[in-house]
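Predicted model and sequence below, questions to follow.
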Amino acid sequence: QVHVVESGGGLVQAGGSLRLSCATSGRIYSNYAMGWFRQGPGNERECVAAISWGGGSTYYANSVKGRFTISRDNAKNQVYLQMNSLKPEDTAVYYCAAHLTAMVRQVLSSRGEYEYWGQGTQVTVSS
């Protein structure tokens, strides 16, 4: 079993920044492609950023390009989402997800491709 735990959400004013963290535990010596998703009120869960196991390949949704940065530290089993220039429309529950993979460069942006999910962390951006 793999455990995924997000942290770092909160309330921030428009234009501000937040850094989300995601910790994985459970299966050691395993490679995971990782993704950050979000789900706002009445919306589908969408991928905002994803990163390969090796860290060299990334994906960003058009709505967050240039504002969000995904990174990872495999030695610490951590993945991060740095969110800058936040907008009210970024308000959502943010979820971290993991996919067990044998491919160093694999990047996944579809919800159905991830097996392991965290409980989510709320991000609220006030105008």
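Good, I have the coordinates. Worth saying up front: this structure is predicted, and the values here are computed from it rather than measured.

pLDDT at Gly66, what is it?
Model confidence at Gly66, expressed as pLDDT, equals 98.

Just the helices from this structure, written as ranges.
In order along the chain, the chain carries no helices (DSSP state H).

From Leu86, how far off is Ala92?
11 Å (Cβ to Cβ, to the nearest Å). (C-beta placed from N, C-alpha, C; glycine too.)

list residues touching both of those two?
Val123 (Cβ atoms under 8 Å, 6 or more residues apart in numbering).

OK, contacts around the residue lying farthest from the centre of the chain?
If you look at how far each residue of the chain sits from its centre, by Cα atoms, centre = their mean, the farthest one is Ser127, at 23.2 Å. Neighbouring residues of Ser127 by Cβ under 8 Å, 6+ apart: Ala14, Pro88.

And Asp90, by the same measure?
The contact partners of Asp90, by Cβ under 8 Å, 6+ apart, come to Arg38, Val64, Met83, Val123, Val125.

low pLDDT regions in the protein?
Within the chain, the stretches with pLDDT under 70 are 28-29.

hmm, back to that, tabulate the contacts of Asp90 (a markdown table), appending distance to Asn74 and neighbour count.
Output for the contacts of Asp90, formatted as a markdown table (distance: Cβ to Cβ, whole Å; neighbours: other Cβ atoms under 10 Å):
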| residue | distance to Asn74 | neighbour count |
| --- | --- | --- |
| Arg38 | 24 | 24 |
| Val64 | 23 | 23 |
| Met83 | 22 | 26 |
| Val123 | 25 | 22 |
| Val125 | 30 | 20 |
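
and which of those is nearest to Arg27?
Of all the contacts of Asp90, Arg27 sits closest to Arg38, with 25.4 Å by Cβ to Cβ.

doesn't Cys96 make contact with the closest one?
No - Arg38 is beyond contact range of Cys96, at 10.5 Å (criterion: Cβ atoms under 8 Å).

Just list whatever residues bridge to the residue nearest the centre of the chain.
Nearest residue to the geometric centre of the chain (Cα atoms, centre = their mean): Trp36, 2.1 Å. Listed beta-bridge partners, Trp36: Ala49, Cys96 (assigned using DSSP bridges).
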